[in-house]
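Asks: here are the coordinates; sequence isn't available:
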């Protein structure tokens, strides 16, 4: 029981550098940067999903946390956010490296996830530009709407945002950690019928759990042969870590957030099904 609490604290502390760096950058841009720089950051151009996909490959969910903040501040597009989410693997890479017989899967896994991130990121950005009414708010307007940032220095505001989100992340990690402790990995594994066509649907659902434990569980189940490779990919594509928690905390548009989660889930399942077919 104490180990669960310690693990939740450690996992949350890992996010602190990414959180603080993201908010420090946001505060700097809000207070110091010119309107031209804000505009250029808001519109990363058609290659935004490529950059997001490559950043997401880093084996931690810190970039998904930063991306959620940047999207809430309207610095990046929804396609770029989705690309980061899809390519993020959280703890999967270190776990595969710990299994010598699994090393051959690392390169294909990363390539598939990056390719899926780029394809779906471009697709979502295209559909949003084609069918969704452009948003008129300025960068950071909603993110800083109620924080009284103008009356404090950059460092103070960044620390305040970081502390608030860190407390929220820690609470979620503790709750999910104890849930995993009481349910047990074996019971979760029993729910995943090996060889079933529905397996990617189930693993993608598990991947949506905003905790490092989800990627650990999915990767370990794959390593012991309980999951097909495509099913593992589906779960890891959906596994955006605590980035989803931060998205719901900072982007005050519940319907929009749910649409992003639904798109992430659908893209993950489709990717997993395609991989299993071939």
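Replies: That came in fine, so what should we check first? Everything quoted here is computed from the prediction, not taken from an experiment.

Asks: name the element residue 55 belongs to?
Replies: helix 48-56 (DSSP states H and E).

Asks: likewise residue 204?
Replies: If you go by DSSP H and E, residue 204 is part of helix 199-207.

Asks: for the record, mean pLDDT for that helix?
Replies: Averaging pLDDT along helix 199-207 yields 92.

Asks: tell me what the next helix or strand after that helix is packed against?
Replies: Next helix or strand after helix 199-207 toward the C-terminus (DSSP H and E): helix 212-223. Applying 3 or more CB pairs under 8 Å, 6 or more residues apart in numbering; DSSP states H and E, one finds that helix 212-223 makes contact with helix 92-97, helix 154-183, helix 185-191, helix 199-207, helix 229-238. (Glycine included, C-beta is placed from N, CA and C.)

Asks: kindly recompute the last result at 6 Å.
Replies: Applying 3 or more CB pairs under 6 Å, 6 or more residues apart in numbering; DSSP states H and E, one finds that helix 212-223 makes contact with helix 92-97, helix 199-207, helix 229-238.

Asks: quick check: mean pLDDT across the shortest one?
Replies: On average, the pLDDT along helix 92-97 is 77.

Asks: got it, and the last one?
Replies: Averaged across helix 229-238, the pLDDT comes to 94.

Asks: now the helix or strand following it against helix 48-56, angle please.
Replies: For helix 229-238, the following helix or strand on the C-terminal side (DSSP H and E) is helix 243-250. Angle of helix 243-250 versus helix 48-56, following axes from the mean of the first three to the mean of the last three CA atoms, to 10 degrees, is 120 degrees.

Asks: got the angle between the following helix or strand past helix 243-250 and helix 199-207?
Replies: Sequence-wise, the next helix or strand downstream of helix 243-250 (DSSP H and E) is helix 254-277. If you take the same axes, to 10 degrees, helix 254-277 sits at 140 degrees to helix 199-207.

Asks: what packs against helix 254-277?
Replies: Contact here means 3+ CB pairs under 6 Å, 6+ apart; on that basis helix 254-277 packs against helix 199-207, helix 229-238.

Asks: residues making contact with stretch 218-230?
Replies: 92, 95, 99, 102, 189, 194, 203, 232, 235, 272, 275-276 (CB atoms under 6 Å, 6 or more residues apart in numbering).

Asks: and the residues you listed, which is closest to residue 64?
Replies: residue 92 (13.3 Å; CB to CB).

Asks: if we can go back for a sec, any chance of the helices and strands packed on helix 212-223 in TSV, plus mean neighbour count and distance to residue 164?
Replies: TSV is the format used below for the helices and strands packed on helix 212-223 (neighbours: other CB atoms under 10 Å; distance: least, CB to CB, whole Å):
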stretch	mean neighbour count	distance to residue 164
helix 92-97	19	29
helix 199-207	23	26
helix 229-238	29	26
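
Asks: now the ones you listed in TSV, with distance to residue 112?
Replies: Formatted as TSV, those follow (distance: least, CB to CB, whole Å):
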stretch	distance to residue 112
helix 92-97	12
helix 199-207	13
helix 229-238	6
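
Asks: point to the residue nearest the middle of the chain.
Replies: Centre of the chain computed as the mean C-alpha position; nearest residue by CA atoms, centre = their mean is residue 240, 2.6 Å away.

Asks: doesn't residue 64 make contact with that residue?
Replies: Yes. Checked against CB atoms under 6 Å, the pair residue 240 and residue 64 is within contact range at 4.7 Å.

Asks: which neighbours do the two share?
Replies: Contacts common to residue 240 and residue 64, judged by CB under 6 Å, 6+ apart, are 85, 88.

Asks: which residues does stretch 267-276 contact?
Replies: 116, 120, 200-201, 204, 228, 230-231, 233-234, 237-238.

Asks: again, 7 Å this time
Replies: 86, 112, 116, 120, 200-201, 203-204, 207, 228-231, 233-234, 237-238 (CB atoms under 7 Å, 6 or more residues apart in numbering).

Asks: thanks again, I'm all set now.
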